[in-house]
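Undergrad: Would you be able to build a 3D model of this:
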Amino acid sequence: MTGAPATTTAGVETHPVRLDATALLDASDDLAELLVETVRGGSSLGFLADLDRATAAAWWRGLAPSVADGALAVWVVRGKGPGARRVVGTVGVTFTDKPNGRHRAEITKLMVHPSARGRGLARALLDAAERAAAEAGVTLLVLDTETGSPAETVYRKAGWTVAGTIPDYAADPKGTLHPTTLFYKRLGADRARVDAEPTRAARQ
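TA: This next block holds a predicted model:
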């Protein structure tokens, strides 16, 4: 488990901590509660409204082998104070194992507990995931989110680019189909090269 000393805001640590496989297993019940509450709040994240904590915890525990072998990285932020160490936010990065796609990765399962929203935690988690991806040599990140959801605002403000929209891509927790918006973001030297291209063209 890695992470720098945390700062706090309104009873919540704001520095995400990366979990190793053992820490993920230890946190699986807290992560399950977070996932269930997020789904109940209207964000499907691949699940429907009948998701229960036992199923959610088993799903999180099933990710431990991927964390152990480096195919998946997971960060959390926790509540602060006596008895308040529960997980209130998380994000993952799924790395591509295909030989022709190792330059890219996907942001997955960014969520913040309803009681902890509006404090910048989603952006802090996203920033941590982006930094770690860049340090791992990733030059392109991708993700998808429900079109019109609050998450879209987070990604736009963080400099992500819309690649397109797919109609009826996934169901919300109640089973109603919604479109999804695809986003991408270039990282590191690759981003600097792309950003510089309009300047070079203007000089020619």
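
Undergrad: Let me see the ranges of the helices in the protein.
TA: Along the chain, the segments classed as helices by DSSP state H run 21-26, 28-40, 53-61, 64-68, 121-135, 150-157, 188-203.

Undergrad: Make a markdown table out of those and add distance to residue 115, mean neighbour count and mean pLDDT.
TA: (Glycine included, C-beta is placed from N, CA and C.) Converted to a markdown table, those look like this (distance: least, C-beta to C-beta, whole Å; neighbours: other C-beta atoms under 10 Å; pLDDT from 0 to 100):
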| stretch | distance to residue 115 | mean neighbour count | mean pLDDT |
| --- | --- | --- | --- |
| helix 21-26 | 22 | 16 | 98 |
| helix 28-40 | 8 | 20 | 96 |
| helix 53-61 | 17 | 16 | 98 |
| helix 64-68 | 26 | 16 | 98 |
| helix 121-135 | 11 | 20 | 97 |
| helix 150-157 | 15 | 16 | 95 |
| helix 188-203 | 35 | 10 | 48 |
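
Undergrad: what's the closest of the ones you listed to residue 181?
TA: Distances from residue 181 to each of these were compared using C-beta to C-beta; the minimum, 6.1 Å, belongs to helix 150-157.

Undergrad: Check which helices and strands that closest one sits against.
TA: The contact analysis (3 or more C-beta pairs under 8 Å, 6 or more residues apart in numbering; DSSP states H and E) places helix 150-157 against helix 121-135, strand 140-146.

Undergrad: Pipe those into CSV and attach distance to residue 99 per row.
TA: Supplementary listing: the helices and strands packed on helix 150-157 in CSV, determined by distance: least, C-beta to C-beta, whole Å:
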stretch, distance to residue 99
helix 121-135, 18
strand 140-146, 15
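
Undergrad: Fine by me, thanks again.
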